[in-house]
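Engineer: no sequence on this one, just coordinates:
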């Protein structure tokens, strides 16, 4: 039976969506893993999104409902930062998971995070730290990427997003910057690493 990995994200200008695709590539490289990329529902009206010059939603990434989270064996959540915390769209989605929380339907499932910030001081770590509270109340197992990507995580020769908490990118104050090769590489690595952990956990539960 395949290990189901869900990559669930919100993206305003497409940066997080790009990281999600790289996560999928990495996770897909693990045998016996089935990966699906999902979007959370948008909460802003089209008129506002137009004024923000937001990227259109990816039609190849279906919109997920809260109840569908329970189908996954492991979940990677991605979101942009708003003042050091996850964007309201993702928080609204978590707020809709009360039924899952009450039943503890997600308890014991591994979860990871990835993110985009506008600037270097925009919350690459605080966004992850504040997101962990959502996972904790659901009894999920937070799986950070750590420094498992190797020497590249210590390199200081370029500006790049990401941290031991998860992959990340800088969008730039106006959203014009695109994820760098280094940021994409970390995202792909996290997807592969996380899928491997989720697969091991599922196997150990089945054996137990």
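Structural biologist: Great, that's in hand. All values derive from a computational prediction rather than experimental measurement.
Engineer: can you tell me the distance between the two ends of stretch 77-94?
Structural biologist: 11 Å (CA to CA, to the nearest Å).
Engineer: next one: that stretch to chain centre, how far?
Structural biologist: 10 Å (CA atoms, centre = their mean, to the nearest Å).
Engineer: pLDDT value on residue 52, please?
Structural biologist: Per-residue pLDDT puts residue 52 at 85.
Engineer: tell me who's in contact with it.
Structural biologist: Counting by CB atoms under 8 Å, 6 or more residues apart in numbering, residue 52 makes contact with 12, 44. Placement of C-beta: from N, CA and C, glycine included.
Engineer: what about it, distance to residue 174?
Structural biologist: Applying CB to CB, to the nearest Å, the value for residue 52 to residue 174 is 11 Å.
Engineer: would you mark the buried spots in the lengthiest helix in the chain?
Structural biologist: Looking across the chain with DSSP state H, the single longest helix is helix 181-207. Neighbour counts over helix 181-207 (16 or more other CB atoms under 10 Å) mark 182-199, 201-202 as buried.
Engineer: what's the answer for stretch 90-102, then?
Structural biologist: Going by neighbour count (16+ other CB under 10 Å), the buried part of stretch 90-102 is 90-91, 93-94, 97, 100-101.
Engineer: let me see the ranges of the strands in the chain.
Structural biologist: For the chain, applying DSSP state E gives strands covering 3-9, 33-39, 74-82, 85-86, 110-117, 141-142, 168-170.
Engineer: which one of the ones you listed lies closest to residue 64?
Structural biologist: Closest to residue 64 of the strands of the chain, according to CB to CB: strand 33-39, at 3.8 Å.
Engineer: which residues touch the closest residue in space to residue 78 that isn't next to it in sequence?
Structural biologist: Distances taken as CB to CB, 6 or more residues apart in numbering place residue 9 nearest to residue 78, at 3.6 Å, with adjacent residues excluded. With contact set as CB under 8 Å, 6+ apart, residue 9 has these partners: 16-17, 19-20, 37-40, 61, 77-79, 90, 114.
Engineer: ok, residue 9 to residue 40 distance?
Structural biologist: As judged by CB to CB, residue 9 and residue 40 stand 7 Å apart.
Engineer: hey, what's in contact with both of the two?
Structural biologist: Residues touching both residue 9 and residue 40 (CB under 8 Å, 6+ apart): residue 90.
Engineer: before we move on, the earlier item: redo the contacts of residue 9 as JSON lines? Include distance to residue 170 and pLDDT.
Structural biologist: As requested, the contacts of residue 9 are exported to JSON lines (distance: CB to CB, whole Å; pLDDT from 0 to 100):
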{"residue": "16", "distance to residue 170": "12", "pLDDT": "97"}
{"residue": "17", "distance to residue 170": "15", "pLDDT": "97"}
{"residue": "19", "distance to residue 170": "12", "pLDDT": "98"}
{"residue": "20", "distance to residue 170": "17", "pLDDT": "98"}
{"residue": "37", "distance to residue 170": "22", "pLDDT": "98"}
{"residue": "38", "distance to residue 170": "24", "pLDDT": "98"}
{"residue": "39", "distance to residue 170": "22", "pLDDT": "97"}
{"residue": "40", "distance to residue 170": "22", "pLDDT": "97"}
{"residue": "61", "distance to residue 170": "22", "pLDDT": "96"}
{"residue": "77", "distance to residue 170": "19", "pLDDT": "98"}
{"residue": "78", "distance to residue 170": "15", "pLDDT": "98"}
{"residue": "79", "distance to residue 170": "15", "pLDDT": "97"}
{"residue": "90", "distance to residue 170": "19", "pLDDT": "97"}
{"residue": "114", "distance to residue 170": "13", "pLDDT": "98"}
